[in-house]
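*Asks:* need a 3D model of the sequence below.
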Amino acid sequence: MKQTIYESDFIRAFENAGRKDQFTREALIALYEHFEQLEADTGEELELDVIGICCDYCEDTFENIAENYSIDLIGCVDDLERELAVIDYLTDHTFVCGTCDNGRIVYQQF
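*Replies:* Below is the predicted model:
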């Protein structure tokens, strides 16, 4: 038996699982859109697994990501170039779901 999950249901599922602080609302919307697109691209329905998503995906600043993955930002002259360098690195190694207005990046961890 399958159930249609709307954006508000997706966000509420994180709250109900005690994971409301794992991602910002904006990041949850980016994740929801990512999974919706993944279903459309593959033709397969996905099962909502809040804990699995929390284990597989992350939201963080480009500075923290660069530090955690030892991304060389030497030669980048400003924050925009540094952020783009981090996004390029992540795109080469995993999947970037989106960026948030607060300067954070939502991505699949590797």
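*Asks:* beyond the longest helix along the chain, next helix or strand please.
*Replies:* Longest helix of the chain, by residue count under DSSP state H: helix 25-42. Using DSSP states H and E, the helix or strand that follows helix 25-42 in sequence is helix 50-56.
*Asks:* beyond the helix or strand hosting residue 85, next helix or strand please.
*Replies:* Using DSSP H and E, residue 85 sits within helix 79-93. Per DSSP H and E, the first helix or strand lying C-terminal to helix 79-93 is strand 96-99.
*Asks:* which strands and helices sit next to that next one?
*Replies:* helix 25-42, helix 79-93, strand 104-108 (3 or more C-beta pairs under 8 Å, 6 or more residues apart in numbering; DSSP states H and E). The C-beta positions use only the backbone N, C-alpha and C, and glycine is treated the same way.
*Asks:* can you give the strand pairings for it, parallel or anti for each?
*Replies:* Take DSSP bridges as the rule and strand 96-99 pairs in its sheet with strand 104-108 (antiparallel).
*Asks:* now the strand it pairs with against helix 79-93, angle please.
*Replies:* Following axes from the mean of the first three to the mean of the last three C-alpha atoms, to 10 degrees, one obtains 10 degrees for the angle between strand 104-108 and helix 79-93.
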